[in-house]
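Visitor: structure, please.
(2 chains, ligands or ions: 2)
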Amino acid sequence: MFKNYLKVAFTNLWNHKVFSFINILGLTVGMAACFLILLFVQDELSYDQYHEKADRLYRVFVEYKNQEGEFVGGVITPYILGPTLASVFEGEVERVIRIDGPFSYQIEKGDKKFPQEGLALADADVFDAFSFKLIAGDPKTALVEPFTMVIDKTIAEKFFGKEDPIGESLLIEEEFEVKITGIIDEIPENSHAHFHGFVSMASGEQIYSERVKTQWGEGSQSTYLVLPKGANAEKFEAKLPDFVENHTFGEGASAFVRYRLQKVTDIHLHSHLRGELEANGDIDYIYIFSGVALVIMLIACINYMNLSTARSSERAKEVGLRKVVGAYRSQIITQFLSESILLTLIAFILAILCAEIALPVFNEIAQKELEINYLENFFVVTVFLGIAIVIGIVAGSYPAFFLSSFQPVKVLKGSKGSSGGKSVVLRKVLVILQFAISITLIISTIVISEQLNYLRNKKLGINTDHIVISNFQDTTLVNKFPVLKRELLKNPDIKSITATNKRMTRNLSSNLGYKIEGAEPNPQGQDNYTITTVTSDHDFFKTYEAEFVMGRDFDETIPSDAREGFIFNESAIKLLGLEDPIGKEVESATFDMEIMDFVPKKGKIIGVVKDFHFESLDYTISPVGFHISDNWLNWMSIKLAGNNIPETVQYIESTIKSFAPTRPFNYTFLDEDINQLYQGQERVMIIFRYFAGLAIIIACLGIFGLSSFTAERKTKEIGIRKVLGASTSGVTILLTREFIKLVVVAAVIGWPIAYYFMDSWLTDFNYRIDIGFGAFILATFVAIFIAVFTVSSQAIKAALTNPVKALRYE
Amino acid sequence: MIDLKEVVKIYQTDEVETFALNKLSLKIDQGEFTSIMGPSGCGKSTLLNIIGLIDMPTEGTYQFDGKIVNQFGEKQKADVRKENIGFVFQNFNLLDELPVYDNVELPLIYTSLSAKERKEKVLNVLSKLDIIHRKKHLPKQLSGGQQQRVAIARAIVNHPKILLADEPTGNLDSENGKEVMKILTDLNEEGTTIVMVTHSARDANYGSKIIHLFDGKMITENILKNLNYV
Ligand SMILES: Nc1ncnc2c1ncn2[C@@H]1O[C@H](COP(=O)(O)OP(=O)(O)OP(=O)(O)O)[C@@H](O)[C@H]1O
Ligand SMILES: [Mg+2]
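Guide: Ligands and ions are numbered 1, 2, ... in the order given. Below is the predicted model:
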């Protein structure tokens, strides 16, 4: 019997090619999209799951209360946090691992010399906590000794080729010789951080200053914990406030500083702290993409239901007859389900093919290395297949139950069976649903693009055009900076040069204490404030073209500026509550690279600069204090005039080389840097746009099919109307109007849904657009246009039919 | 084998109630050839549908083969139809998309017969009705008479005890009509009970018994004469 079902199913698919084509195409595209999204989501969810101890591996992060009284979380923790936790909670934690990095260091071996990214210092137990695969070396001892290093395969090949690197040594930063004690495999793509090599933390113990090693406000470590089996992380976390009081900053500190735990497996999708080691994903996007996948499948299923029930009059006779000759209703249901399952299985195979073809493009956009691995990843394929069958059942069940309910007496009367009042209404409802979804997607696409454009075009408040950023890399060049600067400025294509301690667009982190004359007491009632500090030479504000609201810029002709000039941004002045800031006395500190320690710095406020974004637009502008330093400088910003750019960059390189011949010259253009900040969001946007487009195309396929059935069914009506004198255009409008009505109803439904989703999406942004009415109107017109375009071809075809022929045909 | 007692069939539409059958009682024995006649709308098709268990009486009882079938569920009715009843319609009701062979095979699909047994039965009946050379054709490629023969083949392929025919010759010319009537008489001679609705007195005379319906009731020859109908 089943063979017969299949045969009938095939015959039916074959005999109704338009119907089958539309359905298979819709389902194929829908399923292919779903597969890709499923792969993407599966990959995103798999981050850091490969660690054997993933279920009890945590990262300790810190939260500081800012001046607004909010806790702001960050990844960076003190050097001594790890050992202190280990000793205070002995027995309650299994392992504590500090990782300091990733850094970019220069590595050399003989005549080979490269800058290498992704290097870090790590505690010896790092391979116990994280399941990084060691190809060579002993995971237990590799990083115990000072100046030992574990490198990954790529570095090993780069420096040692086919030779065995174990026991060999590398020179780091022209200063530290390290012995290779192990080789790791590349760290898997699905990790929250991708290190290429680890130097033992025992080396850090020898390199770091006493300050870094002992102060709670110092250090740049990420701290990870492995809790013992069965331990309760929440209970552990609850003990940390006491820990803060008793072992760190002292009594009362827990009101301002909190240490908290997060699962390492949660980092990629759930963590958005300051100083994340890499740009993370976002669980929101997982929800959005899963939603879009569901919606695409839903639309494809609706197509199947609509087209099947629209065809019901054709199949009513068949159902009636089968029943007359003794078929059970269940058998008829089975037959219709086999048809839909057959259809989805065909679509499934095609979808796998399509997904394979689209995968490279998708990977390119999503910046992933996904692949469908049929044998290894049997699970995914089974899930795909299961999904296909479920879709077949879902899409097929309504037509199956609807059609199998036909009574033979009614449908065999000779006249064609009715297509059923109820099913017509349902069909309309489903078309409205499809269009409501499509309109929601169009509106979302518009709003998301607008927001991302807004972010990209929002003025940082400074001019970032044609600025080359380069790292000093060591103090020798810093000391030569004034001479270097003079030399560089000889080139007329270089307009201005400045040096800063912090890099533009990167996180600001140096929070120093300030006491300022005339400032309001802080929320704790004391007169000191913690304010982010940026140090520079005299030309910072000139180079970046910042605007002053009060006072003046640093001036080289006024010698006291370097010694005691302070400039604050508006946010800082507001925080301090200063009415008349110029000339007020300031007591703070600066960092002296010579002695590697903070030294007090006193002076006066000479200017107030208009707020601008030093960090990315993901953060609100924080209060910043600026002062001049001649050695707390790490980054050069070189403003070019904008012509002869390649030659000018060449000139910069050769000039710097003449000052520091062994230094590799690294540089980036700030503009490109800024674009990169939004690349993640941009990618998501592009993916979203593609899938929204697909959803809309599938919906259109559906109404295309539906309208061709409508046109066919109305051939007689059209014939009569034409005989009675209706024009072709009149008839076209008649057929199209019905669908436009549906689209308008769909718009009314789609608007609030889109508004709700987009409004909640936008709340995550510090700087957001207001959702304009324009997007809604535009989306609706787009939908109407698409509907009219799709339907009218069928309508015109029907309207052009010779009425005599049409009438005879009935 | 068919025993209808005071069967009433009411069709309820928006405002009107139509008594398609009105307290009709009827017995048909095995092997009989019954013709049903009457003006349009008198309830002939309704009666046939009730006999064939694809419609249910509103009132009255219907015994088929000694069993009261009024309370039968869909499945039980389907079983009775499958095993006992074949249908032939005025408009043939062939499935346009399936070739002759598949159309005839249709009732066998729902039995437990093996593919081989099915094939044997289908080929048998096709040669018996002399359309075996058309087995691969689609219905629209056949003449009306051929189509009706296919329909009859489908109705008898599973050797039903009863063949119900609703104006089997209604859409055929007299030549083809005669041929169909010959097939039906042959079947009757082989033992199949036949109930046939017809408008043609000539065709009705092939039957061993003629029933006249008028407004949902069976009427006697006398009244008929008074009505000047025959
Ligand atoms: N599904 C239905 N709903 C409402 N009324 C119906 C229905 N089917 C039949 N009728 C009515 O019941 C009566 C009997 O119909 P039936 O089809 O049995 O007549 P008939 O004798 O077969 O007529 P014809 O010779 O034209 O085929 C008619 O008045 C018809 O209008
Ligand atoms: Mg009739």
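Visitor: what bits of the chain have low per-residue confidence?
Guide: With no chain named, the answer covers chain A. Residue ranges of chain A with pLDDT under 70: A:1, A:67-68, A:376-377, A:414-422, A:802-810.
Visitor: switch to chain B, that's the one I care about
Guide: B:220-230.
Visitor: how about the helices in it?
Guide: Using DSSP state H, the helices of chain B run over B:44-51, B:74-84, B:100-109, B:115-128, B:144-156, B:174-189, B:201-204, B:221-227.
Visitor: between the ones you listed, which gets nearest to chain A?
Guide: Closest to chain A of those is helix B:74-84 (Cβ to the nearest Cβ; 2.6 Å). Placement of C-beta: from N, CA and C, glycine included.
Visitor: and the angle from that closest one to helix B:100-109?
Guide: 120 degrees (axes from the mean of the first three to the mean of the last three Cα atoms, to 10 degrees).
Visitor: hang on, the earlier thing: and the helices of chain B as TSV, adding mean neighbour count and distance to A:Asp284?
Guide: Converted to TSV, the helices of chain B look like this (neighbours: other Cβ atoms under 10 Å in any protein chain shown; distance: least, Cβ to Cβ, whole Å):
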stretch	mean neighbour count	distance to A:Asp284
helix B:44-51	24	61
helix B:74-84	17	51
helix B:100-109	24	52
helix B:115-128	16	56
helix B:144-156	25	61
helix B:174-189	17	72
helix B:201-204	16	76
helix B:221-227	11	83
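Visitor: who wins for proximity to A:Leu277 among those helices?
Guide: Across the helices of chain B, the minimum distance to A:Leu277, taken as Cβ to Cβ, is reached by helix B:100-109, at 65.3 Å.
Visitor: report whether the closest one contacts chain A.
Guide: Yes - on the criterion Cβ under 8 Å from any Cβ of the partner chain, helix B:100-109 is in touch with chain A at B:Asp102, B:Leu106, B:Pro107, B:Ile109.
Visitor: please report how far the closest residue in space to the third one that isn't next to it in sequence lies from ligand 1.
Guide: Sequence neighbours aside, A:Val325 is the residue nearest to B:Pro107 in space, at 3.7 Å (criterion: Cβ to Cβ, 6 or more residues apart in numbering or on different chains). Distance of A:Val325 to ligand 1, given as Cβ to the nearest ligand atom, to the nearest Å: 21 Å.
Visitor: which residues sit against stretch A:613-621?
Guide: A:274, A:455, A:458, A:460-462, A:502, A:504-508, A:534, A:569, A:571, A:611-612, A:622, A:624, A:674, A:677, A:766-767 (Cβ atoms under 8 Å, 6 or more residues apart in numbering or on different chains).
Visitor: run a quick neighbour tally on residue 173.
Guide: All of this is about chain A. 12 (other Cβ atoms under 10 Å in any protein chain shown).
Visitor: actually it's chain B I care about, not the one you picked
Guide: Neighbour number of B:Asp173 under other Cβ under 10 Å is 11.
Visitor: please apply the same query to A:Met149.
Guide: When neighbours are counted by other Cβ under 10 Å, A:Met149 registers 26.
Visitor: who is it paired with across the strands?
Guide: For A:Met149, the beta-bridge partners are A:Ile180, A:Val199 (DSSP bridges).
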